[in-house]
Every structure is written in C-alpha cells, then in structure tokens.
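attaching a predicted model along with its sequence, questions to come.
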Amino acid sequence: MRRWTGYFIVCVTIFFGRRVWADELRTVTLVYTCSNNGMLRACACPGDPRGGLARRASVLRKIRDEVGEVLLLDSGDVLSPLKRFEKDAVVLKIYGLLKYDAVAIGDQEFANGRAFFAERVLTSGLRWVSACLKDAETGKRVAPPYIVKKLSGVRVAVIGLVGPDVFEFMEPDKTGGLTIADPVETMKFYLPELRRQADVVVALSHLGDEGAVALAECVQGIDVIVGGHTQVLLPEPLKLGETFIVQAGPDGEYVGRLDLTVDPKGRIVGTRNQMIPLDRHVPDDPEIARMVEAYFSGRVK
Ligand SMILES: [Zn+2]
C-alpha cells in the first residue's frame with residue numbers, strides 16, 4: 001500500500017559532535033523485521049511458503065548464538081489489519097518471548113480498537129516506541145519516544161515514527177482522541193537529544209517507502225532508517241547521503257540483519273546486510289511452534 005502524499009518539509013543540515021573512543025573498529029548487529037500483519041505461521045501461498053514466528057525465533061537464536069547481543073527491532077504493523085482479538089493476543093505474547101528491544105507503533109496496532117490498544121497492546125510488555133502519537137486530551141505520548149541501548153560499547157538510539165497519512169483508511173473511532181505529529185518535524189526536534197546520548201541513531205519509520213526517503217533527505221544525521229508500513233523488501237540498503245534505509249518485506253517472511261562497523265569517532269565505516277528468508281529450510285523453534293499450534297487447534301482462545 002502506498003499512502004505517501006507528502007509532508008511539508010524544510011530541509012536542514014545539522015552537524016553534531018560524536019563521541020570518540022580510543023580503540024579499534026567495533027561492530028554492532030541490528031536485526032529487523034516489519035509488517036508481521038498478525039501472521040503466526042508461514043503464508044498459505046503455493047510453492048515455498050515463508051514466514052512464521054517459530055522460524056523467526058530459530059533465526060534469532062542462531063544470530064544471538066553467533067554474535068551475542070543484538071539490537072532487535074520492528075517497524076510496526078505487528079498485528080492484523082482487521083479485528084483479530086485472540087490471534088493478536090497470541091502474536092503479542094510471542095513477540096514478548098522474542099525479546100525485542102524496540103517496536104514502532106503502526107496503524108494496524110489500532111485495528112482491534114482503542115480499548116484493545118490500551119488494555120492489551122500497550123500493556124503487553126513490548127518496548128513500544130512512538131515519538132509522534134499523543135493522547136489529544138492529556139497531551140501525553142502513548143509510549144516512550146525512543147530507547148538507547150549500548151552494544152559492544154557503542155550507544156545506539158532508536159526512535160519510533162508514524163505519520164498521519166498511514167491512518168488514512170482506518171475508521172476514525174479506532175484512532176479517535178489521538179494526535180499524530182508530523183514525523184519529519186518530530187525527528188528534527190529529537191535528533192539533537194538523541195545525538196547527545198548515542199553514537200548511532202536509528203529511526204523505526206512507519207511512514208511507507210517514500211516517507212522513509214523523505215525523512216532521509218530532509219533530516220541529515222540519521223544513520224539507519226528501518227522502513228515499514230508498505231510491504232517493500234529491500235535486498236540491499238538504500239543509501240541517501242549518510243543514511244542507510246533497510247526494509248524487510250511483507251508478512252514477516254524475512255528477518256533482516258545489518259552489521260554496522262563503527263570507527264573510533266562513532267562513524268559508520270562499513271555495513272553488511274543480509275535478508276534471511278524464513279523458508280522451509282529454517283527449523284521451527286519448538287516452544288513457539290507449540291504456542292502457534294495451540295492457537296490453531298483451538299486450545300488457546
Ligand atoms: Zn502500517
């Protein structure tokens with residue numbers, strides 16, 4: 001779905017001092033997913049069905065066994081596009097077991113209505129981030145705007161962004177009482193704060209592919225944008241200026257892995273990106289597979 005209609009933007013260039021450390025190059029591993037769309041198991045498509053949270057869990061374990069600590073991210077639309085209360089509750093539970101570091105709030109997180117969002121989504125224990133979404137009445141954000149995590153001595157900030165355009169086709173009652181700030185202006189506002197706290201800045205962009213490009217072009221100083229909302233698969237990162245854009249495609253069919261090599265001045269001097277297909281060659285994680293099958297067999301409601 002391409003829903004970008006354009007944000008009014010004044011492009012700026014902002015220069016920031018970066019932290020300097022004294023030793024060698026360091027590597028941080030970002031693992032990213034998007035557009036799960038409420039999927040618990042592989043698509044029912046013919047040929048080589050891909051996806052499924054049990055396969056995802058296996059891939060995540062393998063990467064963690066290889067490199068130790070990673071930054072695990074999702075750019076939103078974790079849940080189904082239509083009302084699926086019971087199924088989405090299982091998705092949320094499994095996402096919690098996968099130990100995400102930050103998950104952006106997408107429009108589909110509201111598809112079950114505001115009550116489900118407040119009572120089940122926000123209280124699920126997932127580390128939701130959203131710098132743009134506020135309660136209109138109280139003016140408070142519905143979730144923290146960003147997180148900062150240190151890996152291999154490198155501090156990484158991750159901010160969540162979503163724009164008004166992506167809610168275009170959602171019934172008003174599902175998002176009533178929310179205000180949605182312009183994501184580009186929001187990113188400009190937060191970037192100095194993020195730069196003070198982190199060596200690497202990552203934006204979880206629930207803005208569509210064109211929105212992600214506009215973000216990169218108009219706010220210099222973002223290192224990585226993890227795209228979402230549109231079901232785009234980027235086999236290799238796009239590079240716009242100094243910003244890398246990655247996106248992992250539709251229905252949770254892939255896990256993306258981006259290894260960043262960071263120099264002693266905090267600059268990204270190398271990248272290695274892999275798109276890992278969750279195909280039949282990936283074994284199921286037994287615990288997650290049991291939870292998924294329990295749902296489909298009617299043992300979990
Ligand atoms: Zn979306």
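In hand now; what should we look at? Quick caveat: nothing in here was measured; it's all calculated off a predicted structure.

so is stretch 219-230 next to the ion?
Yes. Judged by Cβ under 5 Å from the ion, stretch 219-230 and the ion are in contact via residue 229. Heads up, the C-betas are built off the backbone N, CA and C, glycines and all.

alpha carbons of that stretch, as CSV, please.
Extracted C-alpha coordinates of stretch 219-230, given in CSV (Å, rounded to 0.1, in the frame of the first residue of the first chain):
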residue,chain,number,x,y,z
VAL,A,219,16.8,15.3,8.2
GLN,A,220,20.6,14.8,7.9
GLY,A,221,22.1,13.0,10.8
ILE,A,222,20.1,9.7,10.9
ASP,A,223,22.4,6.7,10.5
VAL,A,224,19.8,4.0,9.7
ILE,A,225,16.1,4.1,8.8
VAL,A,226,14.2,0.8,9.3
GLY,A,227,11.3,1.2,6.9
GLY,A,228,7.8,-0.1,7.4
HIS,A,229,4.1,0.1,6.6
THR,A,230,4.5,-0.5,2.8
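
burial of residue 144, as a residue count?
Applying other Cβ atoms under 10 Å, we find 14 residues neighbouring residue 144.

try residue 205
Residue 205, neighbours per other Cβ under 10 Å, totals 33.

and the average pLDDT for whatever helix or strand it lives in is what?
Counting by DSSP states H and E, the element that carries residue 205 is strand 200-206. Taken as a whole, strand 200-206 has an average pLDDT of 98.

tell me where the model's unsure across the stretch 151-300 of the chain.
Where the stretch 151-300 of the chain drops to pLDDT under 70, the residues are 299-300.

how near is residue 146 to residue 283?
The spacing between residue 146 and residue 283, counted by Cβ to Cβ, to the nearest Å, is 35 Å.

quick one: the helices in the stretch 1-150 of the chain?
Assigned by DSSP state H, counting those that start in this stretch, the stretch 1-150 of the chain shows helices spanning 53-67, 85-98, 114-116.

where's the closest residue to the ion within the stretch 151-300 of the chain, which helix or strand?
Going by Cβ to the ion, the ion is nearest to residue 229 of the stretch 151-300 of the chain, at 3.7 Å. Using DSSP H and E, residue 229 sits in no helix or strand.

same deal with residue 156?
Element membership for residue 156 (DSSP H and E) is strand 154-162.

buried stuff in that strand?
Of all the residues in strand 154-162, those buried under the rule 16 or more other Cβ atoms under 10 Å are 154-162.

what pairs with that strand, parallel or antiparallel?
Here strand 154-162 has these sheet partners by DSSP bridges: strand 146-151 (antiparallel), strand 200-206 (parallel).

centre of the chain to that strand, how far?
Its chain's average C-alpha position is 10 Å from that of strand 154-162, according to Cα atoms, centre = their mean, to the nearest Å.

ok, and what's touching the helix or strand following it?
Per DSSP H and E, strand 154-162 leads on to helix 172-175 as the next helix or strand towards the C-terminus. Contacts to helix 172-175, defined as Cβ atoms under 8 Å, 6 or more residues apart in numbering, come from residues 107, 110-111, 113-114, 167.

hmm, helix 172-175 in reach of the ion?
No. Applying Cβ under 5 Å from the ion, one finds that helix 172-175 is not in contact with the ion, the shortest distance being 12.1 Å.

would you mark the buried spots in that helix?
Buried residues in helix 172-175 (16+ other Cβ under 10 Å): 174-175.

how about the CA coordinates for it, as CSV?
Taking C-alpha atoms only, helix 172-175 is exported to CSV below (Å, rounded to 0.1, in the frame of the first residue of the first chain):
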residue,chain,number,x,y,z
PRO,A,172,-12.0,7.3,12.9
ASP,A,173,-13.3,5.7,16.1
LYS,A,174,-10.2,3.5,16.3
THR,A,175,-7.8,6.4,16.5
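
next SSE after that helix?
Later in the chain than helix 172-175, the nearest helix or strand by DSSP H and E is strand 178-180.

how many other residues sit next to the closest residue to residue 59 other than its chain neighbours?
With sequence-adjacent residues excluded and distances taken as Cβ to Cβ, 6 or more residues apart in numbering, residue 59 is closest to residue 255, at 4.9 Å. Around residue 255 there are 24 other residues, counting by other Cβ under 10 Å.

what helices and strands are in contact with the helix or strand containing residue 255?
Assigned by DSSP H and E, residue 255 belongs to strand 254-262. The contact analysis (3 or more Cβ pairs under 8 Å, 6 or more residues apart in numbering; DSSP states H and E) places strand 254-262 against strand 26-33, helix 53-67, strand 224-227, strand 243-246, strand 268-277.
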